[in-house]
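A.B. asks: fold the following and give me the result.
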Amino acid sequence: MSEDTEEARRRRAKIVATLGPATDDPEVLTQMISAGLDVVRLNASHGTVEDRRRRLAQVRESAQRADRCVGVLLDLAGPKIRIECFREGSVQLSEGAPFALDTALDARSGSAQAVGVAYKNLPKDVAAGDTLLLNDGQIVLDVVQVAGTRIETRVRVGGVLSDRKGLNRQGGGISAPALSERDREDIVFAAEEGVDYVAVSFAREARDIEEARSLLRRAGSDARIVAKIERHEAVDNLPGIIDASDVIMVARGDLGVEMGYAELTGLQKTIIHQTRTRNKVVITATQMMESMIHSPVPTRAEVSDVANAVMDGTDAVMLSAETATGRYPVKAVQAMAQVIEGAEKYELTHSRARHRTTEGQFKGTEEAIAMAVMYTANHMKVRAIVALTESGATPLWMSRIRADIPVYALTRNEATRRRVTLYRGVYPVIFDVTAGGGSTEGLYSALFTRLLELQLVRERDLVILTKGEHSGVQGGTNSMQILTVALAPPR
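C.D. replies: The predicted structure follows:
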């Protein structure tokens with residue numbers, strides 16, 4: 001499988017797109033991948049395990065058809081707090097009217113006076129004076145009193161409320177655990193299917209991430225952990241969550257509801273900055289091109305939103321309903337790719353960005369080599385950075401510094417190739433790091449031949465190579481070399 005189109009190599013920030021009914025046509029999925037999709041998201045909140053298994057098989061077939069390497073992210077449902085159903089499917093709530101949430105109410109007997117709640121401990125988590133937000137904050141309820149299973153409220157902001165809408169407490173404080181029994185089953189699925197990333201929804205603290213990692217490893221999975229920042233408590237515990245995770249997702253939907261929309265932009269920038277400063281990967285998500293669910297082009301505000309996230313340093317931007325259920329999934333990917341490319345032309349600091357570590361010291365040899373490489377690359381006319389890697393760790397370190405110099409992760413490890421599809425400015429290339437018969441000259445010859453046949457470099461280009469003293473050993477990167485590309489090996 002070839003790794004990337006020329007268009008994808010020009011674009012450094014990556015695209016994550018959610019699968020759903022709109023992507024079930026294999027031709028549509030193949031077109032999305034060809035258009036620049038880097039990582040697919042399987043949303044465990046919808047559909048069955050068999051739906052996800054079928055879609056994952058389609059992804060792998062379509063990726064092969066499109067000749068691209070595509071990563072897979074499974075987004076666990078988590079403890080989404082939802083109301084139950086109404087007898088008529090929906091009700092109109094009027095401002096000032098009383099309305100009750102009752103955990104003991106029959107799941108299908110909701111009315112304009114009361115509705116059931118799936119989360120049975122909700123009455124323990126709220127008190128008189130609290131504000132509850134339904135349907136992404138479109139309905140606002142003031143809690144008047146709590147008695148047993150029943151929460152009496154008064155409608156502050158009314159509107160149409162329909163079945164199974166989400167519920168948040170403004171300011172956070174819902175005590176539901178981050179991992180449900182259903183999530184644990186999906187973790188087993190992730191292990192069975194070789195999923196690359198698993199996202200933990202509604203994480204509150206580092207322990208939630210550590211528990212998910214422990215369950216994954218016990219199931220035999222080496223998947224990396226994505227922490228979704230969407231709770232008030234997660235913002236309070238952000239440094240610890242970042243350190244415990246591999247990837248952070250700025251999940252702006254529930255985060256905006258819990259924290260208030262006025263704070264959302266500042267929070268997004270803070271989370272991106274703190275995540276990159278701590279040398280982790282960051283995804284910006286939710287409603288990035290929401291209008292494209294129904295429109296073939298994004299709004300100017302959406303274009304600005306995506307561009308600003310890219311210019312702030314996000315590794316990836318994510319499409320949700322735009323591709324899962326929207327009318328124009330391929331156009332949404334194309335539009336996002338174009339906006340990213342446009343934004344990256346105007347990054348004022350991309351070639352001389354400073355890097356900081358939280359301790360002021362390198363954590364190991366791989367980080368030290370990566371930082372030396374990027375400093376050198378930004379002060380020489382280097383065409384590319386070539387990392388011979390088993391785990392993808394060195395390319396990850398390199399990707400923490402903004403640069404317009406592509407980093408090619410050359411590896412024989414398929415899981416590593418899929419993993420680096422999420423790293424900004426890093427592109428996977430199939431290559432056996434033990435090639436060359438054990439000699440340095442043989443390795444260089446095989447390496448240059450591979451890069452030239454993929455048209456990633458030209459003869460006489462300057463490249464920086466990183467590798468380990470013992471090729472093929474995980475965690476062994478300990479050297480960098482500046483080489484001139486030539487068909488004949490250097491002497």
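
A.B. asks: chain center to the longest helix along the chain: distance?
C.D. replies: Using DSSP state H, we find that the single longest helix of the chain is helix 49-66. Here helix 49-66 is found 19 Å from its chain centre; the criterion is CA atoms, centre = their mean, to the nearest Å.

A.B. asks: show residues contacting that helix.
C.D. replies: The contact list for helix 49-66 (CB atoms under 8 Å, 6 or more residues apart in numbering) reads 1, 19, 23-24, 26, 29-30, 33-34, 40, 42, 44, 69-70, 72, 74, 185-186, 189, 193, 195. Every residue, glycine included, has its C-beta placed from N, CA and C.

A.B. asks: just the ones of the residues you listed in helices?
C.D. replies: Going by DSSP H, the helices hold P26, L29, T30, I33, S34, E185, D186, F189, E193 from the contacts of helix 49-66.

A.B. asks: gap between the residue nearest to A316 when sequence neighbours are not counted and S439?
C.D. replies: Beyond its immediate neighbours in the sequence, the residue positioned closest to A316 (CB to CB, 6 or more residues apart in numbering) is K14, lying 4.1 Å away. Note on K14: its distance to S439, by CB to CB, to the nearest Å, is 36 Å.

A.B. asks: got it, and I430?
C.D. replies: Taking CB to CB, one finds I430 at 21 Å from S439.

A.B. asks: the two: who's more crowded?
C.D. replies: For I430 versus S439, neighbours defined as other CB atoms under 10 Å are more numerous around I430 (16 against 10).

A.B. asks: test my guess that the more buried one contacts R412.
C.D. replies: Yes: at 7.1 Å, I430 counts as touching R412 under the criterion of CB atoms under 8 Å.

A.B. asks: any regions of this protein where pLDDT drops low?
C.D. replies: Within the chain, the segments meeting pLDDT under 70 span 1-9, 347-360, 436-437, 469-476, 488-491.

A.B. asks: point to the residue nearest the middle of it.
C.D. replies: Closest residue to the average C-alpha location of the chain: I283 at 4.2 Å, with CA atoms, centre = their mean.

A.B. asks: wait, is it part of a helix?
C.D. replies: No: with DSSP: H, G, I helix; E, B strand; the rest coil as the criterion, I283 is strand rather than part of a helix.

A.B. asks: which residues are in contact with T153?
C.D. replies: P98, F99, A100, L101, L132, L141, D142, V143, V144.

A.B. asks: buried residues of whichever strand or helix holds it, list them for me.
C.D. replies: Using DSSP states H and E, the element containing T153 is strand 150-157. By neighbour count with 16 or more other CB atoms under 10 Å, strand 150-157 contains the buried residues R150, I151, E152, T153, V155.

A.B. asks: that strand pairs with which strands, and in what direction?
C.D. replies: Strand 150-157 has the following strand partners under DSSP bridges: strand 98-102 (antiparallel), strand 139-147 (antiparallel).

A.B. asks: how is the chain divided into domains?
C.D. replies: 6-78+177-344, 90-169, 365-484 (automatic domain parsing).

A.B. asks: which parts of the stretch 151-300 of the chain are helices?
C.D. replies: Assigned by DSSP state H, counting those that start in this stretch, the helices in the stretch 151-300 of the chain fall at 181-193, 206-218, 232-236, 238-244, 252-259, 264-277, 300-311.

A.B. asks: er, the stretch 301-450 of the chain actually
C.D. replies: With DSSP H, counting those that start in this stretch as the criterion, the stretch 301-450 of the chain has helices at 321-324, 329-344, 365-377, 393-399, 414-419, 440-453.

A.B. asks: would JSON lines of the ones you listed with mean neighbour count and distance to G260 be doable?
C.D. replies: Listed next are those as JSON lines, based on neighbours: other CB atoms under 10 Å; distance: least, CB to CB, whole Å:
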{"stretch": "helix 321-324", "mean neighbour count": "25", "distance to G260": "23"}
{"stretch": "helix 329-344", "mean neighbour count": "22", "distance to G260": "27"}
{"stretch": "helix 365-377", "mean neighbour count": "20", "distance to G260": "37"}
{"stretch": "helix 393-399", "mean neighbour count": "26", "distance to G260": "32"}
{"stretch": "helix 414-419", "mean neighbour count": "21", "distance to G260": "35"}
{"stretch": "helix 440-453", "mean neighbour count": "17", "distance to G260": "50"}
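
A.B. asks: out of the ones you listed, flag the one nearest G425.
C.D. replies: helix 393-399 (5.4 Å; CB to CB).

A.B. asks: what's the closest one packed up against?
C.D. replies: Contacts defined by 3 or more CB pairs under 8 Å, 6 or more residues apart in numbering; DSSP states H and E place helix 393-399 against helix 365-377, strand 384-388, strand 407-411, strand 426-430.

A.B. asks: go with 6 Å
C.D. replies: Judged by 3 or more CB pairs under 6 Å, 6 or more residues apart in numbering; DSSP states H and E, helix 393-399 is in contact with helix 365-377, strand 407-411.

A.B. asks: who does the shortest one touch, helix- and strand-wise?
C.D. replies: Think strand 407-411. Packed against strand 407-411 by the contact rule (3+ CB pairs under 6 Å, 6+ apart) you find strand 384-388, helix 393-399, strand 426-430.

A.B. asks: redo those as JSON lines? Include distance to S221.
C.D. replies: Compiled in JSON lines, the helices and strands packed on strand 407-411 are given as follows (distance: least, CB to CB, whole Å):
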{"stretch": "strand 384-388", "distance to S221": "24"}
{"stretch": "helix 393-399", "distance to S221": "18"}
{"stretch": "strand 426-430", "distance to S221": "20"}
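
A.B. asks: list just the one of the ones you listed that sits closest to I229.
C.D. replies: With CB to CB, the closest approach to I229 among those belongs to helix 393-399: 19.9 Å.

A.B. asks: returning to that earlier point: off-centre distance for the strand holding T153?
C.D. replies: Worked out by CA atoms, centre = their mean, strand 150-157 lies 35 Å from the chain centre.

A.B. asks: and the end-to-end length of stretch 275-292?
C.D. replies: When the termini of stretch 275-292 are compared using CA to CA, to the nearest Å, they are 29 Å apart.

A.B. asks: got it, and stretch 388-402?
C.D. replies: Using CA to CA, the end-to-end distance of stretch 388-402 comes out at 20 Å.

A.B. asks: which outside residues touch that stretch?
C.D. replies: Residues outside stretch 388-402 that contact it (CB atoms under 6 Å, 6 or more residues apart in numbering): 276, 279, 350, 353, 355, 366-367, 370, 374, 387, 407, 409-411, 413, 416, 419-420, 423-426, 433, 466-467, 474, 477.

A.B. asks: just the buried ones among these, please.
C.D. replies: Those of the contacts of stretch 388-402 that meet the buried threshold are 276, 279, 350, 353, 355, 366-367, 370, 374, 387, 407, 409-411, 413, 416, 419-420, 423-426, 433, 466-467, 477, by 16+ other CB under 10 Å.
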